[in-house]
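Peer 1: Sequence first, predicted coordinates after that:
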Amino acid sequence: MINNFQLFKLPVIISLGWMSFSCTYAASFDCTAKLSNTEKAICENYQLNIADEEMSAYYLKLRKTLNFEESKELLHDQKSWLKQRKRSCREDSALCLLTLYAHRIDELKQKYDRIVPLTSSEATSYQGIRSTCGFPEVDFPETYKVYGAGNYAGRDLGIQIDSRGTQATKFDIAVNSPDQPVALVLGAYESAIWNISWTQGTKILAVAVTGYDRQVVIGLPSETPILISRSTPCRGTYIIRGNIDALNQFSKEVFKRDTDAVYLSLDGKSVVGAPIQAGEKLFTSEAIVLRDFIYKKVPKHKEKKEGLEALQRAVADGKLSKANGGEREEWRRRWVALHPNASSQEVSLTSHPLLSESNTFVIRKKFRFPTGLTVGNMAVFYLPDGVPFPKGKIENLLLYDLNTMSCYGTLCGFSGGKGGKSQN
């Protein structure tokens, strides 16, 4: 007989940033037992661990609350979904699993939230996850405002909200529209925390957020619906160099209409709607707070230093050489030739502003990727024709393979790349 608890032994992958650690975390199953590769990934990855525990806890609450027939149906559905996941995804395919888990948690919420709500404090990993690009459950009135706000980044906070190694920035968005209800479209590029407040009489119907790195929303009542899209379920959109025109296209996809106004956030602040008078009171909610999203397992400085030193040794040994820019142009030339119908965002990914030439290398001979590097100090590699594929984990790095014109690593998923890959 299948143990009900075991149905959620396998991973819930909710982040595109990957950080592996040598210690073992307390997942919803025994990390010291004989494990599959997927279960090992959960035990070795902080965010996978948290997500696995959250989803397992929600499932157990459902099983305890549902009547016999509902519980039997839940068990059957979950077994079918696990079979689908096995057919649809390789066990190490982060982006594929992310999509499947996003759809599954959304299905559970829509079906059972009236019985067992998945509260924001219990499900920080799932905030904004939806299977469709929109809010089908919201009965939007005939007239309402859609306001957009954002920028490349907000105000520095000095904290992390994911494992990528970069610091989160904060946006304070004050909404003033007492005469008409409002929907918000918010966008950044870097990891961001969107702190929402509003004036007396203002009603916020829904909030849709897009960005490249992780985005979270705080300050809203728990009943306000949120959608957070990072290439799924909506098409990839983010803000670069103050270009907030992308938010209007995002609005068309989510709300099927243009924005009424878009505000460029300066120093992470925007007043949305009418100007706010001096002394006017702003309201906010404690239902969704920042402490629930803070990433607590920051990589040790020693591990990071050792990773950088390993790269320097590889250059000295002739295994690597510093890139001179020619490799990037060759990749771009070949990639564009293979993808003649690609969007401008996809084409520009190889010259992404986070990819510093000072930390970009060409692999010259057999090589193993060092550990301890994060996306915050990302090393980028080009693999020329005829050079063997390197060994070791790639997830927190970025590799452009000129042999196969495949991209591997954390950032690749946004342009249809392979995502993480490792060889022993």
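Peer 2: Sure, I can see it.

Peer 1: how about the strands in the stretch 251-400 of the chain?
Peer 2: Ranges of strands in the stretch 251-400 of the chain, per DSSP state E, counting those that start in this stretch, are 261-264, 269-273, 282-283, 320-322, 360-363, 380-383, 392-393, 398-401.

Peer 1: where do the helices sit along this protein?
Peer 2: For the chain, the helices defined by DSSP state H occupy 37-44, 46-65, 68-88, 94-112, 246-255, 301-316, 326-338, 344-347.

Peer 1: Outline the domain layout of this structure.
Peer 2: Following automatic domain parsing, one gets these domains for the chain: 4-123, 145-292, 301-423.

Peer 1: can you redo those as TSV with mean neighbour count and mean pLDDT?
Peer 2: (Each C-beta comes from the backbone N, C-alpha and C, glycine too.) Formatted as TSV, those follow (neighbours: other C-beta atoms under 10 Å; pLDDT from 0 to 100):
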stretch	mean neighbour count	mean pLDDT
domain 4-123	17	66
domain 145-292	20	89
domain 301-423	16	75
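
Peer 1: still on that earlier bit, of the helices of the chain, which is nearest F135?
Peer 2: helix 246-255 (7.6 Å; C-beta to C-beta).

Peer 1: Check which helices and strands the closest one is in contact with.
Peer 2: With contacts defined as 3 or more C-beta pairs under 8 Å, 6 or more residues apart in numbering; DSSP states H and E, helix 246-255 has these neighbours: strand 145-150, strand 182-187, strand 204-210.

Peer 1: List the residues that contact the residue nearest to P384 when sequence neighbours are not counted.
Peer 2: Leaving out its chain neighbours, the residue that sits closest to P384 by C-beta to C-beta, 6 or more residues apart in numbering is L402, at 5.5 Å. Applying C-beta atoms under 8 Å, 6 or more residues apart in numbering, we find L402 in contact with E327, E330, W331, R334, Y382, L383, P384, D385.

Peer 1: The same query, at a cut-off of 10 Å, please.
Peer 2: With contacts defined as C-beta atoms under 10 Å, 6 or more residues apart in numbering, L402 is in contact with E327, E330, W331, R334, W335, V362, Y382, L383, P384, D385, G386, V387.

Peer 1: Out of those, flag the one nearest to F369.
Peer 2: Nearest to F369, judged by C-beta to C-beta, of those is L383 at 11.6 Å.

Peer 1: Could you give the bridge partners of the closest one?
Peer 2: With DSSP bridges as the criterion, L383 is bridged to D401.

Peer 1: before we move on, what about N195?
Peer 2: Listed beta-bridge partners, N195: D172, I218 (assigned using DSSP bridges).

Peer 1: Does it touch L220 like I think?
Peer 2: Yes - proximity of N195 to L220 meets the contact threshold set by C-beta atoms under 10 Å, at 9.5 Å.

Peer 1: Span of stretch 179-190 from start to end?
Peer 2: 33 Å (C-alpha to C-alpha, to the nearest Å).

Peer 1: ugh, typo on my part, it should be stretch 129-139
Peer 2: By C-alpha to C-alpha, one end of stretch 129-139 lies 19 Å from the other end.

Peer 1: Give me the contacts around it.
Peer 2: When contacts are defined by C-beta under 10 Å, 6+ apart, stretch 129-139 is touched by residues 14, 98-107, 109-110, 113, 123, 183, 205-208, 224-229, 232-235, 250, 253-256.

Peer 1: for it, which positions count as buried?
Peer 2: Residues of stretch 129-139 classed as buried by neighbour count (16 or more other C-beta atoms under 10 Å): I129, R130, S131, G134, F135.

Peer 1: for the record, mean pLDDT for that stretch?
Peer 2: Averaged over stretch 129-139, pLDDT sits at 86.

Peer 1: Would you reformat the buried residues of stretch 129-139 as a markdown table and include distance to A188?
Peer 2: Output for these, formatted as a markdown table (distance: C-beta to C-beta, whole Å):
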| residue | distance to A188 |
| --- | --- |
| I129 | 18 |
| R130 | 19 |
| S131 | 23 |
| G134 | 21 |
| F135 | 21 |
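
Peer 1: ok, so of the residues you listed, who is nearest Y212?
Peer 2: Nearest to Y212, judged by C-beta to C-beta, of the buried residues of stretch 129-139 is I129 at 16.9 Å.

Peer 1: now that closest one: how far from P370?
Peer 2: Distance, I129 to P370, using C-beta to C-beta, to the nearest Å: 33 Å.

Peer 1: re earlier: dump the helices of the chain to a markdown table, plus distance to S406.
Peer 2: Formatted as a markdown table, the helices of the chain follow (distance: least, C-beta to C-beta, whole Å):
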| stretch | distance to S406 |
| --- | --- |
| helix 37-44 | 21 |
| helix 46-65 | 24 |
| helix 68-88 | 20 |
| helix 94-112 | 14 |
| helix 246-255 | 27 |
| helix 301-316 | 22 |
| helix 326-338 | 10 |
| helix 344-347 | 15 |
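
Peer 1: Go through the ones you listed and name the closest to F29.
Peer 2: helix 37-44 (6.8 Å).

Peer 1: I figured F283 was touching P178, is that so?
Peer 2: No - applying C-beta under 10 Å as the test, F283 and P178 come out as separate, 11.7 Å apart.

Peer 1: Could you name every residue contacting both of those two?
Peer 2: Common contact partners of F283 and P178 (C-beta under 10 Å, 6+ apart): W198, T199, Q200, G201, T202.

Peer 1: which residues does the first one contact?
Peer 2: W198 makes contacts with 173-178, 182, 204, 219-220, 272-273, 282-285, as judged by C-beta under 10 Å, 6+ apart.

Peer 1: hang on, the earlier thing: give the residues shared as contacts by N195 and L220.
Peer 2: With C-beta under 10 Å, 6+ apart, N195 and L220 have common neighbours T284, I288.

Peer 1: could the helices and strands packed on helix 246-255 go into JSON lines alongside distance to D156?
Peer 2: Below are the helices and strands packed on helix 246-255 laid out as JSON lines (distance: least, C-beta to C-beta, whole Å):
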{"stretch": "strand 145-150", "distance to D156": "16"}
{"stretch": "strand 182-187", "distance to D156": "18"}
{"stretch": "strand 204-210", "distance to D156": "19"}
